[in-house]
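J.: okay, here's the prediction I keep looking at, along with the sequence it came from:
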Amino acid sequence: MTRTDRVAAAEHVAPALDPAHVLRVAAQVFRERGLADTTLAHVAERLGVPRAELAGCFATKDELAQAIFAETLWILNSADTKAWTGYGAGMRKSLAVARTFPDGYILLARDAASLPAYQSSWLALRKRSARRLQSLIWHPGNPPAGSMRSPLNDVALEPMINFNITAIRQWIETGDPSKDDVFLRWCGQMMRDWRHNTCELLNLDTPEQDWPFDTEGASLPRRSRPSET
């Protein structure tokens, strides 16, 4: 092949795929079609490239999906590095961050739990939520060591971990951003009642008025206990 032939051939070679662009497009395709029913060919078609070219970046669908989940978790963790000191402000931040990569978050929260290949990513998302909720149970102090906590402590967290993850996912999918304050207030009311009952069940001495349940610093009125009415 002459030099002229090589130059002409090179001009017809597609430029290398941008991995960040691939992740965004792939997350959208996976979300629309369902992770289990999507193939690399479907993603390559949306990208407008041959499947072989996409396979040069991500050899398998699982590898591509894991990269999407890793990117989603990195975005969430890098933008929310500190323990929450209030539920409303924490949820507002998580909602805003999840919206920067909505397809990735929805895919992780919706599909990863049901597919064994992605369980580790799902558990990482749950662990992140558990750390934030645990810090709120014990706020304003620090959680004691695990050996010093009641086994029911972790059990009590389970439903609210699912609530937080699912609430954000569904609001991103179907919610009206102009009503975010209403959504966060609703979440705060749910969490306030949960924490009230958890502290009562576990005999935790953490005054609930110390925790701002509502959005940015505005606490919801404390619900009276039966003995107080």
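T.: Cool, got the structure. Numbers count the residues shown, from 1 in each chain.
J.: and F30, what does it touch?
T.: T38, V43, A65, I68, D103, L107, D111 (CB atoms under 8 Å, 6 or more residues apart in numbering). Where you see a C-beta, it was placed from the backbone N, CA and C, and this is true even at glycine.
J.: check which helix or strand it maps to.
T.: For F30, the host element (DSSP states H and E) is helix 19-33.
J.: tell me which other helices or strands the helix or strand just after that helix touches.
T.: Past helix 19-33, further along toward the C-terminus, the next helix or strand under DSSP H and E is helix 40-47. Applying 3 or more CB pairs under 8 Å, 6 or more residues apart in numbering; DSSP states H and E, we find helix 40-47 packed against helix 19-33, helix 51-55, helix 61-79.
J.: ok, back up a step: max pairwise distance over the contacts of F30: which two?
T.: Spanning the widest gap among these are V43 and D111, at 15.0 Å by CB to CB.
J.: okay, those two: which has more neighbours?
T.: V43 (23 against 19; other CB atoms under 10 Å).
J.: ok, that one - contacts?
T.: Neighbours of V43 in contact, by CB under 8 Å, 6+ apart: V22, V25, A26, V29, F30, L54, L64.
J.: now for the residue nearest to R169 when sequence neighbours are not counted, how many residues are close by?
T.: Sequence neighbours aside, A109 is the residue nearest to R169 in space, at 3.9 Å (criterion: CB to CB, 6 or more residues apart in numbering). Burial measure for A109: 24 neighbouring residues, criterion other CB under 10 Å.
J.: three-state assignment of A109?
T.: Assigned with DSSP: H, G, I helix; E, B strand; the rest coil, A109 falls in the helix class.
J.: quick one, what contacts it?
T.: By CB under 8 Å, 6+ apart, the neighbours of A109 are L125, I165, T166, I168, R169.
J.: which strands or helices does the helix or strand containing the second one pack on?
T.: This means I165. Taking DSSP H and E as the criterion, I165 maps to helix 151-174. When contacts are defined as 3+ CB pairs under 8 Å, 6+ apart, helix 151-174 sits against helix 87-98, helix 102-111, helix 119-138, helix 180-202.
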